[in-house]
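pasting the sequence and the predicted coordinates here, then a few questions.
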Amino acid sequence: MKSFQLPYGKGHITANIPDERFKGCLVSKMTEYVPTKGQTELVKEALEHPIGTPKLSEMAIGKKKVVIISSDHTRPVPSKIIMPLLLEEVRKGNPDADITILISTGLHRSTTKEELVGKFGEEIVKNEKIVIHDCDDKDNLVDLGKLPSGGELIINKLAYEADLLVGEGFIEPHFFAGFSGGRKSILPGIASRVTVCYNHNAEFIDSPFARTGVIDGNPIHEDMLYAARAAHLAFICNVVVSAAHEVLFAVAGDCDRAHIAGRNFLLQYCQVDKIPADIVISTNGGYPLDQNIYQAVKGMTAAEATVNEGGVIIMVASSTDGHGAPRFYQTFKEEPDNEKLMAQFRATPKEETIPDQWQSQIFVRLMERATVIYISEADDQMVRDLHMTPAHSIEEAIAKADEILAAKGIKDAGITVIPDGVSVIVL
């Protein structure tokens, strides 16, 4: 019997797989990587040796209005390590700088004070100026013209009017932008709803280059990088984190060149060869990425890449916040036919893309390949409304998968396990 502790919320769930059914485990080699320095030292070293820019302290000289973009509550960025060092660097160059921390919520809900404290600690929340981006607040947005694709580029005015714009984030595989981090601080991070929706349109999502780990030819990435340059994102500090969300590697400097260095490092460890199976178990890496069903689609795409056509994906995600996106939920609740949904998405003009359409489109794509059984704390009916089968343990999920596959003449199906679906690029 093979036994796995799969991340589930802030804890774990046990998966016991019979030896005769176990096909293999897809896991990032980052789990074996041991950094030579501590978390703080790694970030300090990156800030001391930026790629493609002067040091942040030097760039801050004479700059009055400084904005540091930070990710929101849905991203496991170790800001308690990074943010104090960024603040220190800016003030080293300009003790009188007027610094604002801008939370890049994209289209997500506003971050709560409790979540801010959890992210930064009491001291920063109490003593620093923190503003939460609102993609619909037209009074605090500015129009910068057109993206290369033709979409409107509208971003947060506070960021654009800064004398020095800095981004804090992390780099991991991303299921349609290729990688997170870098230019994503701007688009979608602090962009308007109109801009984000256009960038995530059906044609771009359908592109074979809008996939995990793919940058070259990726139309979504191309618009994002253009937006970062247009917004004058001058400096980034991005990290690669462990499963425990601790810093393993850090880069700083130019928003593209430093990001390239970070993703090249990551590519050495996170690429895995597929192990085809009729049943694939995946996760969203636990908290905070598995707080809702919407985000869990990311971890499902890793399973999509290795599950056999007509197979079953068992997704493990606590989803204590439920579906996480009303429009996403309503889309599936109101239309039970996945084929009709996909046709609707593809027929939608770029400029008419609705919020969360991209996630729905990817979700339908993977459900066209495999049935999804969902292990979570979410309401069972909610899970069914989202065209999935609810379960509450690995044993129950495997039993249900066996029933589904037996109806297709498949018995004792092989099982592949992906302990963290958002940490791997399946080849």
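Structure's in. What do you need?

how about the secondary structure of residue 397?
helix (DSSP: H, G, I helix; E, B strand; the rest coil).

leaving out the residues flanking it, which one is nearest to it?
Distance criterion C-beta to C-beta, 6 or more residues apart in numbering; nearest residue to residue 397, sequence neighbours excluded, is residue 391 at 4.0 Å. To be clear about C-beta, it is placed using only N, CA and C from the backbone, and glycine gets the same treatment.

which ones are touching the one you found?
For residue 391, the contacting residues are 314, 373-375, 397, 400, by C-beta atoms under 8 Å, 6 or more residues apart in numbering.

nearest to residue 272, of these?
residue 314 (18.2 Å; C-beta to C-beta).

gap between that closest one and residue 299?
Distance of residue 314 to residue 299, given as C-beta to C-beta, to the nearest Å: 11 Å.

got it, and residue 138?
Counting by C-beta to C-beta, the gap from residue 138 to residue 299 is 35 Å.

and the two? which has more neighbours close in?
residue 299 (27 against 13; other C-beta atoms under 10 Å).

check the offset of the helix or strand hosting that one from the chain's centre.
Using DSSP states H and E, residue 299 sits in helix 293-304. Chain-centre distance of helix 293-304: 10 Å, with C-alpha atoms, centre = their mean, to the nearest Å.

packing partners of that helix?
strand 277-283, strand 307-316, helix 326-334, helix 357-369, strand 370-375, strand 415-418 (3 or more C-beta pairs under 8 Å, 6 or more residues apart in numbering; DSSP states H and E).

which positions within it qualify as buried?
Buried residues in helix 293-304, counted by 16 or more other C-beta atoms under 10 Å: 293-304.

picking up where we left off before, mutual contacts of residue 314 and residue 299, please.
Joint contacts of residue 314 and residue 299 (C-beta under 8 Å, 6+ apart) are residue 282.

got a winner among the contacts of residue 391 for most neighbours?
residue 314 leads these on contacts (other C-beta under 10 Å) with 30 neighbours.

tell me how far the worst-scoring helix or strand of the chain on mean pLDDT is from the chain's mean position?
The weakest-scoring helix or strand in the chain, judged by mean pLDDT, DSSP states H and E, is strand 173-174 (a mean of 93). In this view, strand 173-174 has its centroid 7 Å away from the chain centroid, taken as C-alpha atoms, centre = their mean.

repeat that for stretch 340-350.
24 Å.

can you list the buried residues in that stretch?
341-342, 344-345, 348, 350.

equivalent analysis for stretch 310-328, please.
311-319, 321-325, 328.

what does stretch 394-406 give?
Quick answer for stretch 394-406 (16+ other C-beta under 10 Å): 394, 397-398, 400-402, 404-405.

show the average pLDDT along that stretch.
Per-residue pLDDT over stretch 394-406 has a mean of 98.

how far off centre is it?
Distance, stretch centre to chain centre, for stretch 394-406: 29 Å (C-alpha atoms, centre = their mean).

please apply the same query to stretch 225-236.
Centroid displacement of stretch 225-236 relative to its chain, using C-alpha atoms, centre = their mean, is 19 Å.

would you mind pulling the contact partners of that stretch?
If you take C-beta under 8 Å, 6+ apart as the criterion, stretch 225-236 is touched by 50, 53, 56, 59, 69, 144-145, 147-148, 153, 155, 159-160, 162, 164-169, 181-183, 185-187, 190-191, 195, 251-256, 258-259.

report the buried members of those residues.
Looks like the contacts of stretch 225-236 have 50, 53, 56, 59, 69, 144, 147, 153, 155, 159-160, 162, 164-169, 181-183, 185-187, 190-191, 195, 251-256, 258-259 buried, using 16+ other C-beta under 10 Å.

show the pLDDT at residue 289.
pLDDT at residue 289 comes out at 88.

tell me the secondary structure at it.
Relying on three-state DSSP, one would call residue 289 coil.

and it, how far is that from residue 108?
12 Å.

identify the contacts common to the two.
residue 74.

and the pLDDT at the closest residue to residue 27 other than its chain neighbours?
The shortest distance from residue 27 to any non-neighbouring residue, by C-beta to C-beta, 6+ apart, is to residue 419 (5.7 Å). Listed pLDDT for residue 419 reads 96.

again, but for the one 3 residues further on
Note for residue 422: predicted pLDDT of 93.

and it, which of the three is it?
Per three-state DSSP, residue 422 ends up coil.
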